[in-house]
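1. Kindly generate the corresponding structure for this input.
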Amino acid sequence: MNIVVVGPHPDDQEIAMGGTIALLASQGHRVTLVDMTNGEPTPFGSPEVRQREAAEAAKILGVERVSVGLTNREVQYGIEPRHRVAAIYRILRPDILFIPYGQDAHPDHRQVTQIAEDARFDAKLTKSRIPGAPYYPPRIIYYFCSHLRFNFPASFSIDISARMDLKLSAIKCYKSQFETGRNESEQWWILEQIRSVNSYFGSTIKRRFAEPFYVLESLGLSGFQDMVL
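-> I've put the predicted structure just below:
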């Protein structure tokens, strides 16, 4: 399958679902990370540094990466951003879209959810200014970003026990975000938070680590061969 993971900033996809991304890539699916912004400015980063870190993380996970080019901290819902993303959908033609869950403390994240959802509709329109052949991504699945202070309403969780180390390796590529300017205790706490969340959701399915997801539309199953019991 073609799978697209839309992220507000480089590192959001890795933190939320890096294990699932690595798992899907290892299963032979074509996975593309779509970064809405370059994530800068941040206290210890730069566009060049962040681009290099993002490329290194994508290489570890075994996926491709493209950027929409919106402005970090200033993402605004509108026709122009929607059409930019719709054009990418028409090129990549994803079977599944992973996008951020709509409730989030970060304004960019909330805007990205709405843009990504409505771009799905725009991508199918005929007689539009959007380049490429019309296409409608058949499935949206929501992942949970890191700016949340509530219990995630997970519809299902994916076992990432065999990919947890790979996920953490990808996250560690973002030294400008999680290492530079931080003491050892702060660095440990960031990774421990991520590990703890994935450990908790792993416990809900009797596995070491898992990543939670949410769906609004019904998921169709052709069988139960991959069900975790």
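2. neighbours around the residue lying closest to T126 once chain neighbours are set aside, how many?
-> What sits nearest to T126 in space, not counting adjacent residues and going by C-beta to C-beta, 6 or more residues apart in numbering, is P134, at 5.6 Å. Glycine gets a C-beta too; all of them are placed from N, C-alpha and C. Neighbours of P134 under the rule other C-beta atoms under 10 Å: 15.
3. Outside of stretch 211-220 itself, list whatever touches it.
-> Stretch 211-220 is contacted by residues 16-17, 19-20, 98, 101, 139-144, 152-158, 160, 198, 201 when judged by C-beta atoms under 8 Å, 6 or more residues apart in numbering.
4. 10 Å - rerun?
-> For stretch 211-220, the external contacting residues (C-beta atoms under 10 Å, 6 or more residues apart in numbering) are 16-21, 23, 98, 101-102, 117, 138-144, 151-160, 163-164, 167, 197-198, 200-202, 204-205.
5. tell me which residues in it are buried?
-> Buried residues in stretch 211-220, counted by 16 or more other C-beta atoms under 10 Å: 211-214.
6. go on, stretch 36-50?
-> Buried residues in stretch 36-50, defined by neighbour count with 16+ other C-beta under 10 Å: 36-40, 42, 45, 49-50.
7. Of all pairs in those residues, which one is the farthest apart?
-> Farthest-apart pair in the buried residues of stretch 36-50 is M36 and V49; separation 18.4 Å (C-beta to C-beta).
8. Packing partners of the lengthiest helix in the chain?
-> Ranked by residue count, the top helix of the chain under DSSP state H comes out as helix 184-204. Secondary-structure packing of helix 184-204 (3 or more C-beta pairs under 10 Å, 6 or more residues apart in numbering; DSSP states H and E): helix 12-26, strand 156-159, helix 164-172, helix 175-178, strand 210-214.
9. Contacts only, for the residue lying closest to Y214 once chain neighbours are set aside.
-> Closest residue to Y214 apart from its sequence neighbours, by C-beta to C-beta, 6+ apart: Y142 at 4.3 Å. Residues near Y142 by C-beta under 10 Å, 6+ apart: 16, 97-103, 113, 116-117, 152-155, 212-216.
10. Give me the phi and psi angles of Y142.
-> The phi/psi pair for Y142 (degrees, to the nearest 10) reads phi -100, psi 140.
11. thought the residue nearest to T126 was touching R120?
-> No - counting by C-beta atoms under 10 Å, P134 stays clear of R120, with 11.7 Å between them.
12. circling back to that earlier point, mind checking the helices and strands packed on helix 184-204 for the one nearest to G62?
-> G62 lies closest to helix 12-26 among the helices and strands packed on helix 184-204, at 4.0 Å (C-beta to C-beta).
13. What separation do you get for the closest residue to E64 other than its chain neighbours and Q13?
-> Nearest non-adjacent residue to E64, counting by C-beta to C-beta, 6+ apart: T32, 4.7 Å away. Computed as C-beta to C-beta, to the nearest Å, the T32 to Q13 distance reads 10 Å.
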